[in-house]
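Novice: Below: sequence and its predicted model.
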Amino acid sequence: MNFLAHIYLSFGDDEIAIGNFIADSIRGNKIDHLPDRIQKGVILHREIDTYTDSHSIPKISSKRLHKNYSHYSRVIVDIYYDHFLAKNWKNYSDTPLKIFVNDFYDLLENNYTILPNGVQRMMPYMISDNWLYNYSKMEGIDRVLNGMNRRTKNKSKMNFAILDLEEHYTDFEREFTDFFNELITFSKHKYKSL
């Protein structure tokens, strides 16, 4: 899952949300310097990723893309799934998406000093371009995919993945919906056991 899903699956717990958000920027077990609840957010993020990677539905979505994008197909599916979460946000939260993401941006700014350097560098771009809110729009997803392609020095060809999303939109959305309901249940259980 990508940024928005990980934040959402922190269930309104600010410290868990920070850990869940920064987890990809932390290698191995180098989390002892973080406050306890943020460490638990990192652990929750990894549990969510393990569950997602082993689940049959995201594998179906990924397989559809594998021929064109090889191992990048899983990353693309994560981005697609964040699009469907943002697009259908009202089905998952009573808090409007715009308010939810602005509150999260405020949370990041208020905890800037504990964020990893890479997150600190990325954060101003994420906020100024409003990545999380713009996941709800095809243009936003197109920008993300183009940015990811640039980061891979054009090796991934992810900039073309918007075409695959358009072509198989209904299939990807159905797969997301079926999977995300299961992921919420799994994540709530893991969250309560932290």
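Specialist: Alright, I've got the coordinates.
Novice: the helices in the chain, which residues?
Specialist: Remark: helices assigned in the chain by DSSP state H are 3-8, 14-22, 36-54, 56-69, 73-87, 97-110, 117-128, 131-134, 138-151, 161-167, 169-193.
Novice: Tell me how many other residues crowd residue 119.
Specialist: A count of neighbours around residue 119, defined by other CB atoms under 10 Å, yields 18. C-beta coordinates here come from the backbone N, C-alpha and C atoms, glycine included.
Novice: Also residue 101?
Specialist: 25.
Novice: Tell me who's in contact with it.
Specialist: 4, 130, 132-133 (CB atoms under 8 Å, 6 or more residues apart in numbering).
Novice: Now list the buried members of those residues.
Specialist: The neighbour count (16 or more other CB atoms under 10 Å) marks 4, 132-133 as buried among the contacts of residue 101.
Novice: Residues in contact with stretch 122-133: which ones?
Specialist: 3-4, 7, 86, 97-98, 101, 104-105, 108-109, 112, 115, 140, 143-144.
Novice: Can you tell me which of the residues you listed is nearest residue 78?
Specialist: Nearest to residue 78 among these, counting by CB to CB, is residue 3 at 9.0 Å.
Novice: What separation do you get for that closest one and residue 168?
Specialist: 23 Å (CB to CB, to the nearest Å).
Novice: Counting neighbours, go ahead and name the busier of those two.
Specialist: Neighbour count, other CB under 10 Å: between residue 3 and residue 168, residue 3 has more, with 20 against 16.
Novice: Which residues are in contact with the more buried one?
Specialist: Neighbouring residues of residue 3 by CB under 8 Å, 6+ apart: 21, 82, 131-132.
Novice: can I get these in a markdown table with distance to residue 162?
Specialist: Listed next are the contacts of residue 3 as a markdown table, based on distance: CB to CB, whole Å:
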| residue | distance to residue 162 |
| --- | --- |
| 21 | 25 |
| 82 | 14 |
| 131 | 16 |
| 132 | 18 |
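Novice: buried subset of these?
Specialist: Counted by 16+ other CB under 10 Å, the contacts of residue 3 give 21, 82, 131-132 as buried.
Novice: Can you tell me how far residue 39 is from residue 106?
Specialist: 22 Å.
Novice: quick one: which of those two has more around it?
Specialist: Applying other CB under 10 Å to residue 39 and residue 106 shows that residue 39 carries more neighbours, namely 20 against 11.
Novice: count of neighbours near the closest residue to that one other than its chain neighbours?
Specialist: Residue nearest to residue 39 in three dimensions, not counting chain neighbours: residue 31, with 4.7 Å by CB to CB, 6 or more residues apart in numbering. Residues contacting residue 31 under the criterion other CB under 10 Å number 19.
Novice: what does the model give residue 31 for pLDDT?
Specialist: pLDDT, residue 31: 91.
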